[in-house]
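Visitor: turn this into a structure:
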Amino acid sequence: MSDLYAEAQELFSYSQAIRRDLHMHPEIAFQEVRTSGVIVKELREIGLEVTSGIARTGVIAMIDGAKPGPVIMLRFDIDALPINEQTGAAYASQNPGLMHACGHDGHVAIGLTVARLLNAHRSELTGSVKLLFQPAEEGAYGAEAMITAGGLENPAPAHCLGLHIWNEQPLGWLGIAAGPIMASAAIFAIKLTGKGGHGAMPHQTIDPVVTAAQIITAAQTIVSRNTDPQEACVVSFCMLHSGEAFNVIPQSAEIQGTIRAFNPEVEQMAYKRLEEIARGVGAAMGCQVELKIDKLTPAVINDPFATAAVKRAAQSLFPDRNPDERGRFTMAAEDFAYYQQITPGNFFLVGSTNAEKGLVYGHHHPKFDFDEAVLPRGAALMAQAAIELLKS
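Guide: Model prediction:
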């Protein structure tokens, strides 16, 4: 096999053009019609068999090697976010209120470049590669939708691989680790119903605002006193809505937030303690409590066998770089975890910031942008990792 990184660098102008075109035309969950069309067009141009319209806007293509062998699935997410872009880039979003603020435009560009790399070497492949372009990763259950629509069937992959451009680390950094690397995520909403009244006569009311404040304070003990100090857990209260006037104690209040953990047992403990605290404090204060917890995604837990293949790929392509193997890279979440619950796989991170170019803003920031030199690095590593898995 030739040097895939050199080949990916030769395709840089292609990768960059795809990325910038998609960046200018962002589309959010399950509305990625134009994006899907670009993917289908590019894949068919190189002669691949393509199936579109999966889970509305998902796309799957197959690259069959010359020799029989296992199937490896490579997943690339395609959706944008409801954010007003503030980068001032020449290729900034032309769709008001929408922006590729997480790097999924880069993921699509990487995926299409991987398709070209592997297709050019299909005579050397033992087995097949399934390219899966997934909609709605940003909290809209896109992975589940693709699975429900049969995305992991006909054929079923033996292993799966995914990647994320990572603006928390500089260009050249690689995060490749076995075990948990990204956290589970859940959304919670607590509605408190009390008895409204005049702010000057609080004794005639049941105050949901004070109740909310005590729940928020008490819930801090979930992390500080209920979680093993050697584990990680996040319980963040991010929204508190109540009242409309300075002199009126409102009838109700609503709190919303998120719970994150790497360990499923810690995750379940946090759910249980939040409910106990909310209902206990609510009862003590005389408020009715409605609690809802919606799980977005499990933790991303990497398979050791697949991880070893990705590490071998990184060592062959970038011998001067030692991948970061510490794991537990972030409490952010990623729905690639749903594929891993069915098919063992590895999800790796590729550093993409460049302080000298001012590309330092994090994911979901209105000024988010990345060093496009990450595109050939990510494409080469994904393609080489697929080859390593097929060899194995």
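
Visitor: need the strands for the stretch 51-200 of the chain, in chain order.
Guide: For the stretch 51-200 of the chain, applying DSSP state E, counting those that start in this stretch gives strands covering 58-64, 67-77, 126-134, 159-170, 174-175, 179-182, 184-193, 197-198.

Visitor: can you map out the helices along the protein?
Guide: 4-10, 12-24, 33-45, 104-120, 142-148, 208-218, 221-224, 264-285, 304-317, 336-340, 374-391 (DSSP state H).

Visitor: got those as a markdown table, with mean pLDDT and mean neighbour count columns?
Guide: Placement of C-beta: from N, CA and C, glycine included. A markdown table is the format used below for those (pLDDT from 0 to 100; neighbours: other Cβ atoms under 10 Å):
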| stretch | mean pLDDT | mean neighbour count |
| --- | --- | --- |
| helix 4-10 | 98 | 18 |
| helix 12-24 | 98 | 19 |
| helix 33-45 | 98 | 18 |
| helix 104-120 | 98 | 26 |
| helix 142-148 | 98 | 22 |
| helix 208-218 | 98 | 20 |
| helix 221-224 | 98 | 16 |
| helix 264-285 | 98 | 18 |
| helix 304-317 | 98 | 20 |
| helix 336-340 | 98 | 23 |
| helix 374-391 | 97 | 26 |
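
Visitor: out of those helices, which comes closest to Gln251?
Guide: helix 208-218 (7.2 Å; Cβ to Cβ).

Visitor: quick one: that closest one to strand 184-193, angle?
Guide: 150 degrees (axes from the mean of the first three to the mean of the last three Cα atoms, to 10 degrees).

Visitor: helix 208-218 packs against which elements?
Guide: Applying 3 or more Cβ pairs under 8 Å, 6 or more residues apart in numbering; DSSP states H and E, we find helix 208-218 packed against strand 184-193, strand 233-242, strand 252-261, helix 264-285.

Visitor: what about 6 Å?
Guide: strand 184-193, strand 252-261, helix 264-285 (3 or more Cβ pairs under 6 Å, 6 or more residues apart in numbering; DSSP states H and E).

Visitor: next, the angle from it to helix 264-285.
Guide: Using the same axes, to 10 degrees, helix 208-218 lies at 140 degrees relative to helix 264-285.

Visitor: give me the angle between helix 208-218 and strand 233-242.
Guide: Using the same axes, to 10 degrees, helix 208-218 lies at 170 degrees relative to strand 233-242.

Visitor: let the chain start at 20 from now.
Guide: Understood, numbering begins at 20; the last thing we discussed is helix 227-237.

Visitor: dump helix 227-237 to CSV, restricted to CA.
Guide: Output in CSV follows, covering the C-alpha atoms of helix 227-237 (Å, rounded to 0.1, in the frame of the first residue of the first chain):
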residue,chain,number,x,y,z
PRO,A,227,-41.4,27.8,43.3
VAL,A,228,-38.4,30.2,42.8
VAL,A,229,-37.0,29.5,46.3
THR,A,230,-37.7,25.8,45.8
ALA,A,231,-35.8,25.8,42.5
ALA,A,232,-32.8,27.6,44.2
GLN,A,233,-32.7,24.9,47.0
ILE,A,234,-32.9,22.1,44.5
ILE,A,235,-30.1,23.5,42.5
THR,A,236,-28.0,24.0,45.6
ALA,A,237,-28.7,20.5,47.0
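
Visitor: now the helices and strands packed on helix 227-237 in CSV, with distance to Ser142?
Guide: Below are those laid out as CSV (distance: least, Cβ to Cβ, whole Å):
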stretch, distance to Ser142
strand 203-212, 42
strand 271-280, 45
helix 283-304, 43
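
Visitor: so for Ile79, what's the nearest residue that isn't a sequence neighbour?
Guide: Among residues not flanking Ile79 along the chain, Thr70 sits closest, at 4.9 Å (Cβ to Cβ, 6 or more residues apart in numbering).

Visitor: sorry, wrong one. I was asking about Met401.
Guide: Val133 (5.0 Å).

Visitor: list the residues that contact that neighbour.
Guide: With contact set as Cβ atoms under 6 Å, 6 or more residues apart in numbering, Val133 has these partners: 398, 401-402.

Visitor: nearest to Leu23 among those?
Guide: Closest to Leu23, out of all of the contacts of Val133 and judged by Cβ to Cβ, is Ala402, at 5.2 Å.

Visitor: quick check, nearest of the contacts of Val133 to His217?
Guide: Of these, the one sitting nearest to His217 (Cβ to Cβ) turns out to be Met401, at 63.2 Å.

Visitor: measure the closest one to Glu407 for me?
Guide: 11 Å (Cβ to Cβ, to the nearest Å).

Visitor: go on, Pro176?
Guide: In terms of Cβ to Cβ, Pro176 sits 15 Å off from Glu407.

Visitor: next one: Ala177
Guide: Ala177 is 13 Å from Glu407, by Cβ to Cβ.

Visitor: likewise Gly181?
Guide: 15 Å.

Visitor: what's the answer for Ala333, then?
Guide: For Ala333 relative to Glu407 (Cβ to Cβ), the value is 10 Å.

Visitor: likewise for Phe31?
Guide: 23 Å.

Visitor: likewise Ala238?
Guide: 45 Å.
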